[in-house]
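> I need the structure of the sequence given here:
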Amino acid sequence: MKLDQKTVSRVYQHLRECLYHTAELEAGRLRGEIELDEAYFGGKRKGKRGRGAAGKSLVFGLLERKGHVYTRVIEGVSAPVLMQHIKEKTRKGSVYYTDSFRGYQSLKRYGKHHQVNHSKSYVDKRTKNHINGIEGFWSYAKHILYNYRGVSKWT
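Take a look at the predicted model:
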């Protein structure tokens, strides 16, 4: 087609923005059984991993089992920040599945809250509660983004 790289890049960026806005309109509020978790993207591998890692982008995610996924880059994992996104994107009375992170402690006021202690196991042996759906989504997203050498914070 004899198009330069900047033109192609601009078209793909516009398509990504359209897909994002369409997904935002379609998703509405999640309901039913919802898995919540946060992930860290980017940065160097050196140093700490997880919540203590420096130079990484923090992404919060909500996965409706057998439904949609909502993700958002956030500045921190404080309870008010997490609860704001949960309140905006989920329906009251849903069933929430999380890890045992303290930021989710006040989640009981929005619906049923089940926790999985990852230091013991990834699936609660007694209740069969898990957040493997959102964990799998993070794994898939990181694997796909690896091919593109990440995504800029500003896109």
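
> got a list of what Leu62 touches?
Leu30, Ile34, Glu35, Leu36, Val69, Tyr70, Thr71, His85, Ile86, Lys89, Thr90, Ile134 (Cβ atoms under 8 Å, 6 or more residues apart in numbering). (Each C-beta comes from the backbone N, C-alpha and C, glycine too.)

> now do the helix or strand containing Met83: everything it contacts.
When elements are assigned from DSSP states H and E, Met83 belongs to helix 79-89. Contacts of helix 79-89 from elsewhere in the structure, counted by Cβ under 8 Å, 6+ apart, are 27, 29-30, 36, 60, 62, 70, 72, 74-75, 96, 102-107, 110.

> what subset of the residues you listed is buried?
Leu30, Leu36, Phe60, Leu62, Tyr70, Ile74, Tyr96, Gly103, Tyr104, Leu107, Tyr110 (16 or more other Cβ atoms under 10 Å).

> and the strands in this structure?
33-41, 57-64, 69-74, 94-99, 111-116 (DSSP state E).

> which other helices and strands contact the longest one?
Translated: strand 33-41. The criterion is 3 or more Cβ pairs under 8 Å, 6 or more residues apart in numbering; DSSP states H and E, and the helices and strands that strand 33-41 contacts are strand 57-64, strand 94-99, helix 132-147.
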